[in-house]
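**Student:** need coordinates for the following:
(2 chains)
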Number of protein chains: 2
Amino acid sequence: MDAIDLSHHLSPTAAARTPNPLKSLMKYMSVDGMVSLAGGLPHPSLFPFVNIEAEVYSPGIYTSESDSELLRFNVHKNGRANGQVVDLATGLQYAPTAGFPWLLQYVQDFVSVVYQPAYKNYDVLMNDGSTDGWSKVVNLLCEPGNHIFLEKYTFPSTQAMWVPMGCKGVPLEMDANGIRADVLENTLREWDNTHPGVKRPHVLYVIPTGQNPTGCTMPIARKQEIYDICVKYDVIIVEDDPYYTLQFDTYKLPSTANGHAAPPLPYDEAVFLDSFVKTFLSIDVQGRVIRLDTFSKTMAPGNRLGWFTCNPLFAERIIRATEVTTQTPSGWSQSIISELLHAWGPGLSGYLRWLSGLQSQYEIRRNWMCDALAKEFDAEQKGDEVIMYAKGTKVKILSVVPPRAGMFLWCKVHLSENKEYADLKGASEDLETFFEQKLWQDFVDAKVLISPGRFYAAWEGEKKPRNPAERDIVHFRLAFSMTTKENVDLAIRRLANVLHRAWGLV
Amino acid sequence: MDAIDLSHHLSPTAAARTPNPLKSLMKYMSVDGMVSLAGGLPHPSLFPFVNIEAEVYSPGIYTSESDSELLRFNVHKNGRANGQVVDLATGLQYAPTAGFPWLLQYVQDFVSVVYQPAYKNYDVLMNDGSTDGWSKVVNLLCEPGNHIFLEKYTFPSTQAMWVPMGCKGVPLEMDANGIRADVLENTLREWDNTHPGVKRPHVLYVIPTGQNPTGCTMPIARKQEIYDICVKYDVIIVEDDPYYTLQFDTYKLPSTANGHAAPPLPYDEAVFLDSFVKTFLSIDVQGRVIRLDTFSKTMAPGNRLGWFTCNPLFAERIIRATEVTTQTPSGWSQSIISELLHAWGPGLSGYLRWLSGLQSQYEIRRNWMCDALAKEFDAEQKGDEVIMYAKGTKVKILSVVPPRAGMFLWCKVHLSENKEYADLKGASEDLETFFEQKLWQDFVDAKVLISPGRFYAAWEGEKKPRNPAERDIVHFRLAFSMTTKENVDLAIRRLANVLHRAWGLV
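**Tutor:** A predicted model of the protein is given here:
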């Protein structure tokens, strides 16, 4: 089944792009015996680089003790002559806009095996990481004045792309499974009544796995509901999924139930692949999902390397836009990642094994943080949630849903039983935001830096205040990715002290 | 002297950009004893990369025989602990938008020494190469419907950025020194009469050195004339100068006069620096020049690494735009180029020496091509121009101005004495374009691929035909950068055969 025609979603600028005339000469370059003086390329003999030897971890380093040796591979000027998959003479030259052929094929195989797209003629093409990817999607689809659907709490950088264009966000309420489908459907059904004369949103931006900032992961049943509504109302879904491969087991209280004492299970690729939540792409029979993947979280952000999976019409338009902006990702990034994936082979096997180990490393970090909270409070599991009461009391201060993916723990601070808050209640329209800022400053004074929930509020335009707080609740995002166990313990202890003190409980 | 206020040149989108709120937390991260859970960064211990060992040419390889050995340097996870200037743990992490501090300082020193900006508070910041740089400048300054000044013949990719936005080019006539200042001034003075109700162009895009496609280099006297007019009419100059460091001695007929037999002069940094044409930046007392530099031609295009030099207001706005698009250039590119420049040191000395060698290599290629033409035709030097007559005749077929910089030879084909052309004259409005295409096809059939002049025509809107030909003249761009002597000789022989045949002279 092929993608349907979705060309009416293109922005006027995206629709108007034309190919570079010089590209029309490309096909003649491969004519037998042709001597080309057409391309204004520097001569590769004049690149200063001869060879790169890289020393890297083995793919199994985090999954077992058996092959934790360092691996070595080369990226040589004439690499392909030596059995490598790229060579620096072409890898550092002007290169195909969509990406290096070997890498594209690898990524295509990864998409096919791991995501299993539901339509046939999807395309993959490389980009400079998901921020670059999203900016190209915004330019592909959005015009000034457009409204864009997004999760109620979302990543501020993605908004900062379209806010100055004069677009507005339409935040959608979330539950533990992500965006509520009923809210999406109601908003679309009522749009013309609630927004007379305003173009209905035609783009939904969603971070379905280990969402930033809420940590929540959308199950496939919810994705299917959302997808069906998007088909009905002709909405394009942008599935920004940087944390997809960092999915964990559910966190269980008490912390000893998380089984660190037990030896890790032997790695099994089939079991590993089967453990993933299914993607929007896997149910996308029409080609209306643009999926963004990145090597930033799995290999390192400095690669500035990711990829789109989307229908061929969108892909071709993105290539036209890429030709006049980034051209193609860094040849170093593409060369080194290609040779690394090759060295880790055969096929996808090494990279999948690496990802499995990475999962367990981030899961351990998730557990460090949840365990630290459980230690500093009286913790009680209630369904998906863990409630944190002040030590030795039944005063509910915090609640969290321990994430099953990603890097973030989203903390709800419950203000109802805070005396100062209760005293001031009614005195201010926006008391939650005031308390969020006050608590944040107290945390900073106690030398623990976290990010306040209001940073993640959807932008609805100048006139709408950015007040994301629920009644009597404020939020903080805690990242567990970039720390040590000692520092997590220390930070959570400081945080708990601040909260106990603010509640008058020390 | 500091830059004047030029904020009225910003596009509405560029003016409306706001900083990412998460960046406001940065300053707290460096507080002594602070434990940060704020940044959603992957942990560097989970990057697979441990060390890179690079093998490169010595900076002197093309300037003398004395140090043509290969150099080695490392980029290690903990590189700075080992005396390196970057380390992979931070180099592959999310990194400062403006670029790596060490690299920025290096580039700042290069700008200061080589370009000598005329005002004090200029900024430098890295980009993903000049295509990325120009796209950011267009978004910084241009709105749909704007008119943009450009050279009569220009690089098509730079136009492809703004054409779909609904901008239009205003091509300016050129002579052997580039854009004619009188034409620029007349166009500006008469604008309101010739374009009533249309906003006057406020951006001039220019490739001043080894211009693409004409190969022409603008002397400082012409730059000063252009600059003064731009001050008078408040025009921003975008100085896109990728070939700046590839400046050559003037080509002289006969070819033996180009001195290949003589040993190269010993390298002298002061002499080398003194040999460069002065930049627009060197006379920019107001900060109205945005200069684009790139490592693409001097190190390799695959680095996707270049930099802006501009006033601090523009720089800050570009940083805001970069945060939501490319974020920062590839950490691999920045790390490897940084360590290379460091290994080549001390200071700028190694890189300057490398550039000097590169110059001579491209000069040799320029000479190969001009010599090959001089061999296949009867060549005669007339001022800057070399006229090529058909062998043994006085039939003028070609003329070129051998470039003093860059990678391109711009060939004028003179049709007046072509019988077929003379017979058809008057029969078609656009006979030159017809003949350009016809000759181009003849060249392809003879297995030599060059690019036709019309590819480089300025875009003036749908209604204006893109007909860049002068009366009885058509153009072709020949790149001498990416070939061998054998292939240049072969290509020029084939080209000369086609032309002699088309003139009925074989």
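**Student:** contact partners for residue A:199?
**Tutor:** A:145-147 (Cβ atoms under 8 Å, 6 or more residues apart in numbering or on different chains). Where C-beta positions appear, they are placed from N, C-alpha and C, glycine not excepted.
**Student:** export those residues as CSV, with columns for neighbour count and distance to residue A:249.
**Tutor:** Listed next are these as CSV, based on neighbours: other Cβ atoms under 10 Å in any protein chain shown; distance: Cβ to Cβ, whole Å:
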residue, neighbour count, distance to residue A:249
A:145, 11, 45
A:146, 20, 40
A:147, 21, 38
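**Student:** now render these as a markdown table, adding pLDDT, distance to residue A:444 and secondary structure.
**Tutor:** Shown next, in a markdown table, are the contacts of residue A:199 (pLDDT from 0 to 100; distance: Cβ to Cβ, whole Å; DSSP: H, G, I helix; E, B strand; the rest coil):
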| residue | pLDDT | distance to residue A:444 | secondary structure |
| --- | --- | --- | --- |
| A:145 | 94 | 38 | coil |
| A:146 | 97 | 37 | coil |
| A:147 | 98 | 35 | strand |
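**Student:** pull out the buried positions in stretch A:44-60.
**Tutor:** A:44, A:46-60 (16 or more other Cβ atoms under 10 Å in any protein chain shown).
**Student:** do stretch A:265-274 as well
**Tutor:** A:267, A:272.
**Student:** any idea of the mean pLDDT for the helix or strand where residue A:409 lies?
**Tutor:** Using DSSP states H and E, residue A:409 sits in strand A:408-414. Strand A:408-414 carries an average pLDDT of 98.
**Student:** can you check stretch A:13-31 too?
**Tutor:** On average, stretch A:13-31 scores 88.
**Student:** close to chain B, is that stretch?
**Tutor:** Yes. Judged by Cβ under 8 Å from any Cβ of the partner chain, stretch A:13-31 and chain B are in contact via A:13-18, A:20-22, A:25, A:28-29, A:31.
**Student:** between the two ends of that stretch, how far is it?
**Tutor:** 34 Å (Cα to Cα, to the nearest Å).
**Student:** run through who's touching that stretch.
**Tutor:** So stretch A:13-31 is in contact with A:7, A:34, A:36, A:38-39, A:139-141, A:317, A:320-321, A:323-324, B:156-157, B:160, B:163-166, B:444, B:447, B:449, B:451, B:455, going by Cβ under 8 Å, 6+ apart.
**Student:** same check, this time on stretch A:370-379
**Tutor:** A:251, A:253-255, A:258, A:386-393, A:397-398, A:400, A:402, A:409, A:488-489, A:491-493, A:495-496.
**Student:** quick one on the thing from earlier: out of the residues of stretch A:13-31 next to chain B, which are buried?
**Tutor:** For these, buried by 16+ other Cβ under 10 Å: A:13-14, A:17, A:20-22, A:25.
**Student:** point out where chain A drops to low pLDDT.
**Tutor:** Applying pLDDT under 70 to chain A flags the ranges A:64-68, A:254-264, A:463-469.
**Student:** state which strand of it is the longest.
**Tutor:** strand A:49-57 (DSSP state E).
**Student:** tell me which strands that strand pairs with, and in which orientation.
**Tutor:** Sheet partners assigned to strand A:49-57 using DSSP bridges are listed as strand A:70-76 (antiparallel), strand B:49-57 (antiparallel).
**Student:** any chance of the ones you listed in JSON lines, plus distance to residue B:270?
**Tutor:** Formatted as JSON lines, the strands paired with strand A:49-57 follow (distance: least, Cβ to Cβ, whole Å):
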{"stretch": "strand A:70-76", "distance to residue B:270": "37"}
{"stretch": "strand B:49-57", "distance to residue B:270": "23"}
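**Student:** how about the contacts made by residue A:329?
**Tutor:** A:99, A:126-128, A:304-305, B:304, B:330.
**Student:** before we move on, what about residue A:135?
**Tutor:** A:161, B:324-325.
**Student:** dihedrals phi and psi, residue A:150?
**Tutor:** phi -150, psi 170 (degrees, to the nearest 10).
**Student:** oops, could you answer that again for residue A:247 instead?
**Tutor:** phi -100, psi 140.
**Student:** so who does it touch?
**Tutor:** Taking Cβ under 8 Å, 6+ apart as the test, what residue A:247 contacts is A:209-210, A:217, A:275-277, A:359, A:404-405.
**Student:** can you flag the buried ones in the residues you listed?
**Tutor:** Buried among the contacts of residue A:247 (16+ other Cβ under 10 Å): A:209-210, A:217, A:276-277, A:359, A:404-405.
**Student:** looking at the stretch 101-250 of chain A, which residue is nearest chain B?
**Tutor:** Distance from chain B to each residue of the stretch 101-250 of chain A (Cβ to the nearest Cβ) is smallest for residue A:164, at 3.7 Å.
**Student:** quick one: contacts for that residue?
**Tutor:** Here residue A:164 is in contact with B:12-18 (Cβ under 8 Å, 6+ apart).
**Student:** again, only using 10 Å
**Tutor:** If you count contacts by Cβ atoms under 10 Å, 6 or more residues apart in numbering or on different chains, residue A:164 has them with A:144, B:11-18, B:320-321, B:324.
**Student:** and those as JSON lines, adding secondary structure and distance to residue A:282?
**Tutor:** JSON lines is the format used below for those (DSSP: H, G, I helix; E, B strand; the rest coil; distance: Cβ to Cβ, whole Å):
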{"residue": "A:144", "secondary structure": "coil", "distance to residue A:282": "34"}
{"residue": "B:11", "secondary structure": "coil", "distance to residue A:282": "40"}
{"residue": "B:12", "secondary structure": "helix", "distance to residue A:282": "40"}
{"residue": "B:13", "secondary structure": "helix", "distance to residue A:282": "36"}
{"residue": "B:14", "secondary structure": "helix", "distance to residue A:282": "39"}
{"residue": "B:15", "secondary structure": "helix", "distance to residue A:282": "42"}
{"residue": "B:16", "secondary structure": "helix", "distance to residue A:282": "38"}
{"residue": "B:17", "secondary structure": "coil", "distance to residue A:282": "36"}
{"residue": "B:18", "secondary structure": "coil", "distance to residue A:282": "37"}
{"residue": "B:320", "secondary structure": "helix", "distance to residue A:282": "37"}
{"residue": "B:321", "secondary structure": "helix", "distance to residue A:282": "35"}
{"residue": "B:324", "secondary structure": "coil", "distance to residue A:282": "29"}
